[in-house]
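*Asks:* The following block contains a protein sequence and its predicted model.
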Amino acid sequence: MSTAAESSAATSPSSLIARLERELRDIWKQPEDPTAPPLSRVCTMNIEVVAPTRELLERYTPVIDEVTASIPARAILASLEPEAPADEITGSAAAVCALEGGKKVCSERITLSCRGNAAARAASAIEAFLVPEIPTALVWLGRVHVDDPVFEDLSNDASRIVLDSEYTSISSVIGVAAWARKQRNAPEIADLAWTRVAAWQEMLARFFDDLETRPLASKVSRIAFKQAGEPGASIGPEAALMLGWVGTRLGWQTSRLAGALRFKRPDGANVVVELGSVPRPKGVAPHALAAITIEAGEVAAQPALRGSIERELASGLSDQANTTVDADVMLWKCARSGLPEIEQRVRLGSNKAARWLERTLHRPIRDIAFDESVAFAEQVQGLVIS
Amino acid sequence: MDDLPAQKAEDPAGRPPVSPNPLRRGLIEDRTGDACALVIFGASGDLTKRKLMPAIYNLALSRSLPSGFAVVGVARRHKENEQFRAEMHEGVAQFSRRKPIDPALWGDFERGISYVTGSFADAATYEKLRAHLEELDEQRGTRKNRLFYLAVPPAEFETIVNHLKASGLVADPTHERSGGPWTRIIIEKPFGHDLESSRELNDTIASAFAESQVFRIDHYLGKETVQNLLVFRFANSLFEPLWNREHVDHVQITVAEEIGVEGRGKFYEQTGVTKDIVENHLMQLLCLTAMEPPISLSADAVRDEKVKVLRSLRRMERSMVRESVVRGQYGRGFVKGEEVRAYREEPDVAKDSQVETYVAMKVLIDNWRWGGVPFYVRAGKRLARRVTEIAIQFKKVPHTLFNTPDGGISQNVLAVRVQPDEGIALRFTTKEPGNATVLRDVAMDFRYGTAFGSNTPEAYERLLLDAMRGDATLFTRRDEVEEQWAFVDPIFDAWREQPTPPPIYPSGTWGPEQADDMLARDGRRWRRP
């Protein structure tokens, strides 16, 4: 990956936009050196990234560069620091290129820093750079305030808002989802934590794929989650979304008895939901989902099916391309009365921020299961690890 | 193509319908295959090592394999499980698109690989296999589902199929509809060498398997770009209104290879390019290009439409073959600057061989949509470039407003590149900047690799997974195969009656001049893709 011309200077927003547009045009001029590989500009979407500090944006820039290497896009990255003393917008433009088949395939990256009162004008500066006729994803780093005018303006143009509840909170995602439900033509909401649990969902669904076990899906008597962290902590986003997903798929209802949360199946029987923890190895995110156990059958004490999925935390490879130390192995086990236990190992992909964002952007924009699971997760926020 | 899990279905035996798994509702993550044992006959051959096992391993890496899964190799050569596993490990290490092998997964994957030694003609082999599969049902949870892959020459099909039936290894297809165990069989081309042999082969298979259990692989259909043809045509409102005789002047389909017969002289002497490429891959590309919108994406709905195209192909009368079909054979020449030998100098090729390594045809489709629009198709070896593409050449504008020195405005072309550089390009005319009105052709060029990254699954991955899921959309149905032979058979009859040798074209060119003449007679010329 290589970066072409880049420059930065403080000026009025309109002059800055004009200068950056000129710089972008210059990038695509024919190279003077005839032997230089030709640049190919490719753009399949706009990716807007908004961060509360310049430092966070700088840390996130390599993530975006990695994403645009596989999803060519125009990336517009902005930091908003309304409390900063100076009122200014500064910016730079660059081409981020990957060499493919002797050609440089390039995305464009525009970086804006909006400080002081100029932060209020960030949305109009960002919108000036949007490429028309292609989807726009708004990646909001940090907590979202839905009444923030910058958020409101940018979300009007976005087809999807991408959050990461692991780094904000599940309540932040719940808040944005509730806001989106009230809007007309609201963008779809995506959470990177939801993408991370997709493999867990598929593995959990496998327990009920067989004709014999399928009826047991309506007879789940116990489900236990383990997440990386300390006892006493609240349920993390991944476990909350998983619980929301299972609960909504299986038609469970929640209720309170003396303040305690209870789960009921459609046939009125109780479902025991447990939350536990395992030690968090170095490099593993807080609250990362570590295990799920599910039991189902007519008699809760003697389940006809007992399934478990255990993530071997920090078992990832470190010596292969595209994998990281936390590309963990998951062990899937299914025990059914009268039959030998079956197990299977699968490998999760590398747990890099770029990979999750890329996968999220590749997913269909509308995901009803996510909306339903978030609504359910709202009710289980108070669950605490026993 | 439909990725929905089990549907509610009526059971002929009156058992209650099968409800879908509620946890699969709205699940975006790809569905895995059904639990099954994949039994490969001819497992010691190259196909298993180079293609099948790397594809299965990549499915495991993508978490697409079911939890209850096993691979059983069957072949004559004696081997212990350990030796077979070691050979498969070597094959995967060498040919997998994702390297190196993941040791944590391989250990688990390898435990599901086993080998049964035996002659295909010996009933005892199948008894041994049956006992072994029953063990796997218990130990690996393969649920009595069997996917047989015949990676053997067609001459062996009858023996294997008859023994499978006789030994009770073929499940009743009606049971599958109510969620009972299933049996499927995958066979590789060639599906016969003419219409008659194809019918015989199909009859043999039909004696043991229902058509719904038969999956005939044409690996071209597993390619992303080929699948995208349906999406491109039927998910965009822009192109379909233009996709007919009113707007299309002609269509060119090219399957060109740079390589020669690469040590397969013996095979090629019996087939030639028409049977090797045109009868199957090229006909399938033509069908997908010309077919009407199917009523759904179910396997039979798509295949019904393809069959209609095949039935609409104007059959080649003998006189038509002379005018509308050109064959050729490569001589010496230069490919990518390297001197290469002539076909007749290849090992296992007769010095006076008349086998065609190039064929070009003008194909007419007699239906409402395509009446009068020629489809020029060509396939060949040792051509200038390796390229497979479908080019839709639109009609010229009815009147030229612009004063163009070369006498006309170029036609718009929509080119779908199947390989390499998979993508779609649209050529149109623009004005060059300046005070004068100078016209210039430009292309809007979409490339898969650039837009979506290049790490797409191999065709065999997709096709094996579809077979495990029971989705036959990307497999060829019996009537398709027979219609394809019915179209090419008269060409061979005509060639047999006119035993003139095929013209020689220099390697590294675009084929014999006669092919250019064929288009020139229609006032057209071949593209240089």
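*Replies:* Received it, and whenever you're ready, just let me know what you need.

*Asks:* For the stretch 201-350 of chain B, just list every one of the strands.
*Replies:* For the stretch 201-350 of chain B, the strands defined by DSSP state E, counting those that start in this stretch cover B:214-217, B:248-256, B:325-335, B:338-340.

*Asks:* right, and those - which one's nearest residue A:303?
*Replies:* Proximity to residue A:303 (CB to CB) singles out strand B:214-217 among those, at 37.5 Å. For every residue, glycine as well, the C-beta is placed using N, CA and C.

*Asks:* tell me what the closest one is packed against?
*Replies:* The criterion is 3 or more CB pairs under 8 Å, 6 or more residues apart in numbering or on different chains; DSSP states H and E, and the helices and strands that strand B:214-217 contacts are strand B:183-188, helix B:459-469, strand B:475-476, helix B:478-497.

*Asks:* Quick check, residue B:105 in contact with residue A:329.
*Replies:* Yes. Because the distance of 7.5 Å satisfies CB atoms under 8 Å, residue B:105 is recorded as touching residue A:329.

*Asks:* show me the contacts for residue 358.
*Replies:* Going with chain A. A:66-67, A:70-71 (CB atoms under 8 Å, 6 or more residues apart in numbering or on different chains).

*Asks:* Sorry, I should have been clearer: chain B.
*Replies:* Listed by CB under 8 Å, 6+ apart, the contact set of residue B:358 reads B:273, B:326-330, B:378-381, B:383, B:502, B:505, B:511-512, B:515.

*Asks:* Tell me what it is bridged to.
*Replies:* Note on residue B:358: beta-bridge partners by DSSP bridges are residue B:328, residue B:380.

*Asks:* what separates it from residue B:382, distance-wise?
*Replies:* According to CB to CB, to the nearest Å, residue B:358 and residue B:382 sit 8 Å apart.

*Asks:* For the two, list the residues in contact with both.
*Replies:* Contact criterion CB under 8 Å, 6+ apart; residues bridging residue B:358 and residue B:382 by contacting each: residue B:330.

*Asks:* Enumerate the residues of the stretch 51-200 of chain B near chain A.
*Replies:* Applying the criterion CB under 8 Å from any CB of the partner chain, the portion of the stretch 51-200 of chain B that neighbours chain A consists of B:60-61, B:63, B:65-69, B:100, B:102, B:104-105, B:107-108, B:138-141, B:143, B:179-180.

*Asks:* Just these: which are in strands?
*Replies:* Mapping those onto strands (DSSP state E) picks out residue B:69.

*Asks:* Just send the helices and strands packed on strand B:214-217 back as JSON lines, with mean pLDDT and mean neighbour count too.
*Replies:* Converted to JSON lines, those look like this (pLDDT from 0 to 100; neighbours: other CB atoms under 10 Å in any protein chain shown):
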{"stretch": "strand B:183-188", "mean pLDDT": "95", "mean neighbour count": "23"}
{"stretch": "helix B:459-469", "mean pLDDT": "93", "mean neighbour count": "22"}
{"stretch": "strand B:475-476", "mean pLDDT": "94", "mean neighbour count": "23"}
{"stretch": "helix B:478-497", "mean pLDDT": "94", "mean neighbour count": "19"}
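
*Asks:* Reformat the ones you listed as JSON lines; add distance to residue B:258.
*Replies:* What follows is those, written out as JSON lines (distance: least, CB to CB, whole Å):
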{"stretch": "strand B:183-188", "distance to residue B:258": "24"}
{"stretch": "helix B:459-469", "distance to residue B:258": "20"}
{"stretch": "strand B:475-476", "distance to residue B:258": "27"}
{"stretch": "helix B:478-497", "distance to residue B:258": "24"}
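
*Asks:* quick one, domains of chain A?
*Replies:* A:2-158, A:196-380 (automatic domain parsing).

*Asks:* Export the ones you listed as TSV, with columns for mean pLDDT.
*Replies:* Written out in TSV, the entries for the domains of chain A read as follows (pLDDT from 0 to 100):
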stretch	mean pLDDT
domain A:2-158	85
domain A:196-380	88
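
*Asks:* hmm, back to that, by neighbour count, which of the contacts of residue A:358 wins?
*Replies:* The residue in these with the most neighbours, by other CB atoms under 10 Å in any protein chain shown, is residue A:67 (26 neighbours).

*Asks:* Nearest to chain A: which residue in the stretch 301-450 of chain B?
*Replies:* With CB to the nearest CB as the measure, the residue in the stretch 301-450 of chain B that lies nearest chain A is residue B:450; the distance is 5.1 Å.

*Asks:* Residue B:175 contacts residue B:212, correct?
*Replies:* No. Under the criterion of CB under 8 Å, residue B:175 lies out of contact with residue B:212, with a separation of 11.8 Å.

*Asks:* Quickly list what residue A:50 is bridged to.
*Replies:* Bridge pairing for residue A:50 - DSSP bridges - gives residue A:78, residue A:140.

*Asks:* Tell me where the model's unsure across chain B.
*Replies:* Along chain B, segments meeting pLDDT under 70 span B:1-18, B:29-30, B:404-408, B:453-455.

*Asks:* any idea how it splits into domains?
*Replies:* Chain B resolves into domains spanning B:22-188, B:222-460+B:469-520 when parsed by automatic domain parsing.

*Asks:* Quick one: end-to-end length of stretch B:240-255, please.
*Replies:* When the termini of stretch B:240-255 are compared using CA to CA, to the nearest Å, they are 24 Å apart.

*Asks:* Run through who's touching it.
*Replies:* Contacts of stretch B:240-255 from elsewhere in the structure, counted by CB under 8 Å, 6+ apart, are B:233-234, B:277-278, B:281-282, B:285-286, B:289-290, B:293, B:369-380, B:387-396, B:411, B:522, B:524, B:526-527, B:529.

*Asks:* mind listing what's buried in stretch B:160-170?
*Replies:* By neighbour count with 16 or more other CB atoms under 10 Å in any protein chain shown, stretch B:160-170 contains the buried residues B:160-164, B:167, B:169-170.

*Asks:* quick revisit: same list, the domains of chain B, but as CSV with distance to residue A:207 please.
*Replies:* Supplementary listing: the domains of chain B in CSV, determined by distance: least, CB to CB, whole Å:
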stretch, distance to residue A:207
domain B:22-188, 8
domain B:222-460+B:469-520, 18
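
*Asks:* what's the closest of the ones you listed to residue A:99?
*Replies:* For those, proximity to residue A:99 was assessed by CB to CB; domain B:222-460+B:469-520 is nearest, at 11.9 Å.

*Asks:* How far does the closest one sit from its chain's centre?
*Replies:* Centroid separation between domain B:222-460+B:469-520 and its chain, computed with CA atoms, centre = their mean, to the nearest Å, is 14 Å.
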